[in-house]
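Peer 1: Quick one: sequence and predicted model below, then my questions.
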Amino acid sequence: MKTVLIGVGQAGGKVTTALVEFDREMGFDAIRGSLAVNSAQADLRPLPLDTVLVGQDRVNGHGVGGDNELGAEVMEADAGEVMTALDGRITAEAEAIFVVAGLGGGTGSGGAPVIARELSRVHDVPVYALGILPGSEEGAMYQVNAGRSLKTLAREADAVLLIDNDAWRSSGESMEEGFQSINQAIAQRVGLLMAAGEPVDGVGESVVDTSEIINTLRAGGISSLGYASAQAGDDADANVNVVTSVTRNALLTGASLPDATTAETGLVVLAGRPENISRKGVERARSWVEEETGSMRVRGGDFPLESERIAALVLLGGVERSERVESFMERAREAKQREQREDPAEMFQTDELDDLI
Ligand SMILES: Nc1nc2c(ncn2[C@@H]2O[C@H](COP(=O)(O)OP(=O)(O)O)[C@@H](O)[C@H]2O)c(=O)[nH]1
Ligand SMILES: [Mg+2]
């Protein structure tokens with residue numbers, strides 16, 4: 001899937017960088033353009049990407065703190081400049097656009113929905129968001145910001161691929177170390193998904209293509225991505241169980257949104273040497289995912305890749321009815337109520353989180 005990435009805010013810029021670097025190292029060439037946008041100059045400076053600084057007249061390059069309303073306002077005011085910078089980057093070859101942002105902060109949280117809306121207005125290709133949920137140990141403000149941002153993003157983008165910062169972290173890491181390794185995991189997993197739709201040599205009919213990714217994401221709302229891998233056996237027959245067990249692990253333990261197992265659509269991609277991938281295994285894995293998610297629309301296919309291992313990617317569309325999203329929204333709603341109790345002036349405002357999604 002030929003993709004253009006727009007990273008908004010600090011997490012957006014860092015994750016976009018990690019994706020671009022992974023795509024280049026692997027030689028996939030699925031990512032055809034990128035741009036980082038921020039209101040904080042210091043967060044743009046270290047990025048090896050082209051950048052646009054927004055909101056200079058309001059915040060003078062110092063960022064919006066955690067104020068996502070201000071983040072939305074400065075993005076709104078400078079949207080024209082961002083769109084101009086994107087001209088020529090989003091060429092006719094682009095098949096999808098991803099707006100990438102951490103949803104708990106200010107610039108990405110408020111700005112990503114604005115950019116998604118502007119892009120949808122001008123481009124015919126789908127505009128997706130890659131949204132990052134704050135970890136559960138992040139403060140109440142982050143949860144509230146993310147709740148509001150997610151609601152708006154789900155409306156403005158064609159689908160939101162959601163990654164919980166608690167999902168792909170290794171235990172015992174500090175937050176900063178944690179971000180580094182999570183960004184690597186995101187780059188590898190989302191990067192493989194993007195590359196999976198790209199044409200490969202000696203294409204067989206079971207190879208996944210871009211339209212299958214787009215059709216899966218057509219469910220709209222919220223999507224999740226699961227990943228797992230294992231050592232492959234010597235031939236396809238030996239790998240029936242490898243294929244089914246990596247698929248099971250991808251969904252049950254390797255998901256970007258843990259416990260999101262009720263879905264409208266699904267796509268199971270098995271990556272590895274074509275001669276290692278068992279057709280029988282793929283068919284079993286696919287029907288297992290249908291059973292597990294309650295979806296009758298689960299597609300399956302291969303991604304030929306030179307590797308000793310077999311990896312499964314499980315993309316689910318329409319997971320917003322999952323317990324995970326509901327519990328996140330509950331957490332955001334509680335945090336919002338706590339905040340209101342602490343600030344009497346806010347008590348009489350309507351609770352914007354009530355009708356989420
Ligand atoms: N995965 C990941 N999440 C991050 C990273 N940096 C920040 N975050 C998350 O993104 C949220 C927003 O932070 P940040 O991107 O700094 O805010 P912004 O610059 O105002 O958009 C935080 O609440 C974290 O959950 C990062 O490098 N990787
Ligand atoms: Mg930050």
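Peer 2: On my side now, so go ahead. Numbers count the residues shown, from 1 in each chain. Ligands and ions are numbered 1, 2, ... in the order given.
Peer 1: Over to Val240. Which of the three states is it?
Peer 2: helix (DSSP: H, G, I helix; E, B strand; the rest coil).
Peer 1: what about the strands in this protein?
Peer 2: 3-8, 31-38, 51-53, 96-102, 127-133, 159-164, 222-231, 265-272, 297-304, 309-317 (DSSP state E).
Peer 1: among those, which is nearest ligand 1?
Peer 2: In terms of C-beta to the nearest ligand atom, the element of the strands of the chain nearest to ligand 1 is strand 96-102, at 2.1 Å. C-beta: built from backbone N, CA, C; applies to glycine.
Peer 1: so what secondary structure elements neighbour the closest one?
Peer 2: strand 3-8, helix 9-26, helix 107-122, strand 127-133, helix 210-217 (3 or more C-beta pairs under 8 Å, 6 or more residues apart in numbering; DSSP states H and E).
Peer 1: circling back: let's have the strands of the chain in a markdown table, adding distance to Glu323.
Peer 2: A markdown table is the format used below for the strands of the chain (distance: least, C-beta to C-beta, whole Å):
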| stretch | distance to Glu323 |
| --- | --- |
| strand 3-8 | 28 |
| strand 31-38 | 33 |
| strand 51-53 | 38 |
| strand 96-102 | 23 |
| strand 127-133 | 14 |
| strand 159-164 | 13 |
| strand 222-231 | 12 |
| strand 265-272 | 17 |
| strand 297-304 | 20 |
| strand 309-317 | 14 |
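Peer 1: got any ranges where the stretch 151-300 of the chain has weak pLDDT?
Peer 2: 201-205 (pLDDT under 70).
Peer 1: What residue in it comes nearest to ligand 1?
Peer 2: Counting by C-beta to the nearest ligand atom, the stretch 151-300 of the chain gets nearest to ligand 1 through Phe179 (3.6 Å).
Peer 1: Around that residue, count how many other residues there are.
Peer 2: Neighbour count for Phe179, taken as other C-beta atoms under 10 Å: 20.
Peer 1: how far does stretch 123-130 stretch from start to finish?
Peer 2: Start-to-end span of stretch 123-130 (C-alpha to C-alpha, to the nearest Å) is 18 Å.
Peer 1: what does that stretch contact?
Peer 2: With contacts defined as C-beta atoms under 8 Å, 6 or more residues apart in numbering, stretch 123-130 is touched by 15, 90, 94-101, 112-113, 116, 119-120, 153, 156-161, 163, 186, 190, 214, 217.
Peer 1: would JSON lines of the strands of the chain with distance to ligand 1 and mean neighbour count be doable?
Peer 2: JSON lines is the format used below for the strands of the chain (distance: least, C-beta to the nearest ligand atom, whole Å; neighbours: other C-beta atoms under 10 Å):
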{"stretch": "strand 3-8", "distance to ligand 1": "7", "mean neighbour count": "29"}
{"stretch": "strand 31-38", "distance to ligand 1": "6", "mean neighbour count": "24"}
{"stretch": "strand 51-53", "distance to ligand 1": "12", "mean neighbour count": "18"}
{"stretch": "strand 96-102", "distance to ligand 1": "2", "mean neighbour count": "28"}
{"stretch": "strand 127-133", "distance to ligand 1": "5", "mean neighbour count": "28"}
{"stretch": "strand 159-164", "distance to ligand 1": "7", "mean neighbour count": "26"}
{"stretch": "strand 222-231", "distance to ligand 1": "14", "mean neighbour count": "23"}
{"stretch": "strand 265-272", "distance to ligand 1": "23", "mean neighbour count": "26"}
{"stretch": "strand 297-304", "distance to ligand 1": "24", "mean neighbour count": "21"}
{"stretch": "strand 309-317", "distance to ligand 1": "19", "mean neighbour count": "26"}
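Peer 1: Go through those strands and name the closest to Arg331.
Peer 2: Checking those against Arg331 by C-beta to C-beta gives strand 127-133 as the closest, at 9.7 Å.
Peer 1: and the angle from that closest one to helix 210-217?
Peer 2: On the basis of axes from the mean of the first three to the mean of the last three C-alpha atoms, to 10 degrees, strand 127-133 is oriented at 60 degrees to helix 210-217.
Peer 1: got the angle for strand 127-133 vs helix 9-26?
Peer 2: 110 degrees.
Peer 1: what mean pLDDT does strand 127-133 have?
Peer 2: Strand 127-133 shows a mean pLDDT of 98.
Peer 1: Note down every partner strand of it and its orientation.
Peer 2: Looking at strand 127-133 with DSSP bridges, its partner strands are strand 96-102 (parallel), strand 159-164 (parallel).
Peer 1: so which of the strands of the chain comes closest to Pro258?
Peer 2: Among the strands of the chain, strand 159-164 sits nearest to Pro258 (C-beta to C-beta), with 6.5 Å.
Peer 1: Dump the closest one to PDB, restricted to CA.
Peer 2: Extracted C-alpha coordinates of strand 159-164, given in PDB (Å, rounded to 0.1, in the frame of the first residue of the first chain):
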ATOM      1  CA  ALA A 159     -10.600   4.500  10.100                       C
ATOM      2  CA  VAL A 160      -8.400   4.900  13.300                       C
ATOM      3  CA  LEU A 161      -5.800   2.200  13.700                       C
ATOM      4  CA  LEU A 162      -5.400   2.400  17.500                       C
ATOM      5  CA  ILE A 163      -2.400   1.400  19.500                       C
ATOM      6  CA  ASP A 164      -2.500   1.300  23.300                       C
END
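Peer 1: Need the contact partners of it.
Peer 2: 98, 126, 128-133, 135, 150, 153-154, 182, 186, 190, 217-225, 256-258, 317, 319, 324-325, 328.
Peer 1: With that, I have no additional questions.
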